[in-house]
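*Asks:* Pasting the sequence and the predicted model now:
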Amino acid sequence: MKYLKKLLILGMLLPTFLFASNIQKTTKTFAVKDEEELKMDIYTVDSIFSSTQPCLIFAFGGGFKEGKRDEPAYQPYFDYFTKKGFIVVSIDYRLGMKEQKAPGVFNTKPLENAVSLAVEDLFSATKYLLENVEELNIDKKRIIISGSSAGAITVLQAEYELKNHHSLASGLPDDFSYAGVISFAGGIFSTEGMPTYAVPPAPTLFFHGSADKLVPYKETRFFNKGMFGSKSLTSNFYKKNYPYLFYSMEGLGHEVASFPMKEFLPEIEKFIKIFVFEKKLWMVEVYFTDKQRKSEINIAPSNYYK
């Protein structure tokens, strides 16, 4: 009943962000690593906002072996939140799984390296934005990270690394925190069992298909080492009283890494408003079934990495 009550409240609240138009895109180089220029696309609207604006960072998907920051499939997500008054930033990161074999419990090093590279590059992009908040009109206390698939792993892992004061986050200011995290079919790689946090994580929105074979819905582990998916992570969030919203997409596969960015935009906006900006300490789980939608992406890692 507590979930139902909160869901009814969630559905009744209307978005309050301002609507604007005339989207502009600017591309900046935020770092050069391994002789590779890492760029970000910054989406803004004609300046009708007198105060600083929240920032939504996005990391693309592609299994750490492919993908691009300006993939057309992501554009509805960028446009929606840019028009709502966000500075939307889509970033590059190095692809550490290029030409690598499928990761597994006995072959985790390539994946560990790929995740570390991506997280390091996300932190570098964040540092660039923090150093340019005045020019970009960004509210540094309202920076939200989001990602799809490998990008979702990247943002969840980044928050985990930051809250546990790991060395990858050492380039960020000591007092910096992300305001929120949005994961479209992600997880956290851990060598220490179920990921735990020295400092409570930011409010987190999880989308995940219960039949996802590419990024585990629950977990894939060998003793303490493994990938912990949304179902396992939210179970731990619940035990620890960390605020979260979990959309468990029943019977669906890895397509959940993309379609919510078109079909669940108002729900994502409400999460940001209620959990991030209003700081409601809610723990909400939605078990969503669409009888008209069939699982479309059922590929396993052994077939994806060839």
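*Replies:* That came through fine.
*Asks:* Where is the longest helix in this protein?
*Replies:* Ranked by number of residues, the top helix in the chain under DSSP state H is helix 109-131.
*Asks:* continuing past that one, what's the next helix or strand?
*Replies:* helix 133-136 (DSSP states H and E).
*Asks:* what residues does that next one touch?
*Replies:* Here helix 133-136 makes contact (CB atoms under 8 Å, 6 or more residues apart in numbering) with 42, 44, 52, 55, 87, 129, 139-140. Glycine gets a C-beta too; all of them are placed from N, C-alpha and C.
*Asks:* Now which of the residues you listed would you call buried?
*Replies:* Listed as buried from the contacts of helix 133-136 are 42, 44, 52, 55, 87, 129, 140; burial here means 16 or more other CB atoms under 10 Å.
*Asks:* Closest to Pro260 out of these?
*Replies:* Proximity of the buried ones among the contacts of helix 133-136 to Pro260 was ranked by CB to CB; the top entry is Cys55 with 20.2 Å.
*Asks:* Pretty sure that closest one sits in a strand.
*Replies:* Yes. Judged by DSSP: H, G, I helix; E, B strand; the rest coil, Cys55 forms part of a strand.
*Asks:* what bridges to it?
*Replies:* Ile87, Ile143 (DSSP bridges).
*Asks:* Could you measure from it over to Gly151?
*Replies:* With the distance defined as CB to CB, to the nearest Å, Cys55 ends up 16 Å from Gly151.
*Asks:* that older thread, which helices and strands does the longest helix of the chain pack with?
*Replies:* Packing partners of helix 109-131 (3 or more CB pairs under 8 Å, 6 or more residues apart in numbering; DSSP states H and E): strand 23-33, strand 36-45, strand 53-59, strand 87-91, strand 138-148, helix 150-163, strand 187-190.
*Asks:* need the helices for the stretch 151-300 of the chain, in chain order.
*Replies:* 230-240, 260-263, 265-271 (DSSP state H, counting those that start in this stretch).
*Asks:* how about the first one: buried residues?
*Replies:* Think helix 230-240. Under the neighbour-count criterion of 16+ other CB under 10 Å, helix 230-240 has 230-235, 237 buried.
*Asks:* Over to the second one?
*Replies:* Of the residues in helix 260-263, those scored as buried under the neighbour-count criterion (16+ other CB under 10 Å) are 260-261.
*Asks:* before we move on, back to that, out of the buried residues of helix 230-240, who's nearest Phe259?
*Replies:* So of the buried residues of helix 230-240, ranked by how close each gets to Phe259 (CB to CB), first place is Ser230, at 15.7 Å.
*Asks:* still on that earlier bit, any idea which of the contacts of helix 133-136 is least confident?
*Replies:* Least confident entry in the contacts of helix 133-136, by pLDDT: Thr52, with 93.
*Asks:* ok, that one to Asp139 distance?
*Replies:* Counting by CB to CB, the gap from Thr52 to Asp139 is 4 Å.
*Asks:* Could you do Phe228 as well?
*Replies:* From Phe228 to Asp139 the distance is 31 Å (CB to CB).
*Asks:* quick revisit: tabulate the helices of the stretch 151-300 of the chain in JSON lines, adding columns for distance to His208 and mean pLDDT.
*Replies:* JSON lines is the format used below for those (distance: least, CB to CB, whole Å; pLDDT from 0 to 100):
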{"stretch": "helix 230-240", "distance to His208": "4", "mean pLDDT": "98"}
{"stretch": "helix 260-263", "distance to His208": "10", "mean pLDDT": "98"}
{"stretch": "helix 265-271", "distance to His208": "14", "mean pLDDT": "98"}
